[in-house]
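**Q** Requesting a structural model of the entry that follows:
(2 chains)
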Amino acid sequence: DQQVKQNSPSLSVQEGRISILNCDYTNSMFDYFLWYKKYPAEGPTFLISISSIKDKNEDGRFTVFLNKSAKHLSLHIVPSQPGDSAVYFCAASPKFGPGTRLSVLP
Amino acid sequence: NAGVTQTPKFQVLKTGQSMTLQCAQDMNHNSMYWYRQDPGMGLRLIYYSASEGTTDKGEVPNGYNVSRLNKREFSLRLESAAPSQTSVYFCASSEVVGSNQPQHFGDGTRLSIL
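**A** Below is the predicted model of the structure:
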């Protein structure tokens, strides 16, 4: 059973525009959510997190929004840069989603 | 500044062979983890060690054993490799076990079982 879902396997956006990556979860007991970024041939690296008692957390160009009633969270990257091209995993430790591959086009 | 180091990076085995994947961290973290990543399935937890001297099963432990050798090192052993164990294996560490604890990952071991 996939308790953390990322229904978009891939996303392409133009450099400078906003990237929105989505994540849904099924377990209402999850109390913390983390986003990781992964480049090819490297391990995932922690990007940003959010507690279930908050609805927004911001760190520079990255903002995560949480809608508990919908069991949905999203990661916004503004403005998107080519170096942001990577696979992004949503996680509610130790459960990980399958990832979304973001391509930022110059 | 190594972080989490995994060896080897690549390995090809025949069905039935055994192998140990090595992992070491230099961040003085208490907790360590082994995951496998398969296409379309994200990372799945195989085993974890909350602290030195303890190990616990994760979501997919069958066919694997682990050893927390000391605070730095956490190894994963395949006693009799099967084609279904073909995957990319990641080791990770965190200060402690907790849902709010970011994990630090190694670069992975790509394992193929023929």
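
**Q** Stretch A:37-52 and chain B in contact?
**A** Yes - using Cβ under 8 Å from any Cβ of the partner chain, stretch A:37-52 reaches chain B at A:41-46, A:49, A:51. Quick note: C-beta positions are derived from backbone N, CA and C, even for glycine.

**Q** What mean pLDDT does that stretch get?
**A** Averaged across stretch A:37-52, the pLDDT comes to 96.

**Q** and if you look at stretch B:51-70?
**A** 95.

**Q** Let's verify the residue of chain A found nearest chain B: helix, strand, or coil?
**A** Residue nearest to chain B within chain A: A:Gly43 (3.1 Å; Cβ to the nearest Cβ). Counting by DSSP: H, G, I helix; E, B strand; the rest coil, the backbone at A:Gly43 sits in coil.

**Q** Nearest residue to it in space, please, no chain neighbours.
**A** The shortest distance from A:Gly43 to any residue other than its chain neighbours is 3.1 Å, reached at B:Phe105 (Cβ to Cβ, 6 or more residues apart in numbering or on different chains).

**Q** The one you found contacts B:Tyr89, correct?
**A** No - the criterion here is Cβ atoms under 8 Å, and B:Phe105 misses it with B:Tyr89 at 10.8 Å.

**Q** What residues does the residue nearest to A:Gly43 make contact with?
**A** Contacts of B:Phe105 were listed using Cβ atoms under 8 Å, 6 or more residues apart in numbering or on different chains, and they are A:36, A:43-45, B:4, B:90-92.

**Q** go on, A:Ser52?
**A** A:Ser52 neighbours (Cβ under 8 Å, 6+ apart): A:30-33, A:66, A:68.

**Q** Tell me which two of those sit farthest apart.
**A** A:Tyr32 and A:Lys68 (12.4 Å; Cβ to Cβ).
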